[in-house]
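1. quick one: sequence plus predicted model below, questions after.
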Amino acid sequence: VTTIYDLSFMAYPETFPRRQRQYLEAQTARACRLARRLIAISEAGRRDIHEVFGVPLDRIDVVRPGVDDRFQALPAADIAAFRAAESLPDQFLLHVGTLQPRKNIPVLLEALTLLDNPDIPLMLVGGPGWLYDQVYDQVAALGLGNRVRFVGYVDDEKLPYWYNAATALVFPSLYEGFGLPIVEAMACGTPVVAAATSSLPEAGGRTALYFDPQDPDELAQRLNQLLSNADLQHRLEHDGPGQARAFSWDQAGQDLRAAYERALM
């Protein structure tokens, strides 16, 4: 039984170093030939494996990730103390993910320059991956040095504080196997603006605002819509935890066991 987390290296090969892409393509193709059963982490991923590698759908199971209990709305006093410790403003946009081309951060940076609020900052939580220099270069080229903060890697204990403190999570990825930060943010009651691509609408359901990941103008429109509408913010804050509860590790464990039982038939 082999789990295939995503096929981003097939969908966007230009966002991967050549040797890494070749390795991933070869080993994934091998797994598709030899594994008795395959596991995808979203229905979108299941369809992609079927379409790209020709694996019958009835040989592919879906086991979606769960959300840890630590991701929840935290007391206002704790978040106020966290803001003070991190020198955070009252409002900021948050991105969570490794700095690499697939995360599509250049489109987010361009949208930042188009916002009605010219001062709202962006916090980039996540360490550098591969081919990340373009992010730093674009921050400089767009004159966003005072509005973009490279937070770096944040451990799981502190991550809920970042979600709770943020005005919104922005998730512009070109392709994801699931998009766990979306449901983590929703579990904390944080509104989400996400790309309408791959598995992301599956993670966010009707409780996120979506945009074309190639269109910074549309992303800016969605962010302006959210930032200017208190009622919309409150609705997304209220509905987010319910969407997140659809993804539990208990359910993931049951689905994983069922996949292995099918493999033994």
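-> Looks like it arrived, so ask away.
2. poorly predicted segments of the stretch 151-265 of the chain, please.
-> Under the criterion pLDDT under 70, no range of the stretch 151-265 of the chain is flagged.
3. can you show me the helices along it?
-> 159-165, 180-187, 200-204, 216-227, 230-244, 249-263 (DSSP state H, counting those that start in this stretch).
4. reformat those into a markdown table and put mean neighbour count and distance to residue 48 next to each item.
-> For every residue, glycine as well, the C-beta is placed using N, CA and C. Formatted as a markdown table, the helices of the stretch 151-265 of the chain follow (neighbours: other C-beta atoms under 10 Å; distance: least, C-beta to C-beta, whole Å):
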| stretch | mean neighbour count | distance to residue 48 |
| --- | --- | --- |
| helix 159-165 | 22 | 28 |
| helix 180-187 | 27 | 18 |
| helix 200-204 | 23 | 12 |
| helix 216-227 | 19 | 24 |
| helix 230-244 | 16 | 23 |
| helix 249-263 | 13 | 18 |
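5. the ones you listed into a markdown table, with extra columns for distance to residue 39?
-> Rendered in a markdown table, the data for the helices of the stretch 151-265 of the chain read as follows (distance: least, C-beta to C-beta, whole Å):
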| stretch | distance to residue 39 |
| --- | --- |
| helix 159-165 | 25 |
| helix 180-187 | 16 |
| helix 200-204 | 16 |
| helix 216-227 | 32 |
| helix 230-244 | 22 |
| helix 249-263 | 6 |
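6. for residue 44, find the nearest of the ones you listed.
-> Across the helices of the stretch 151-265 of the chain, residue 44 has its closest neighbour in helix 200-204 (5.7 Å, C-beta to C-beta).
7. nothing else from me, thank you.
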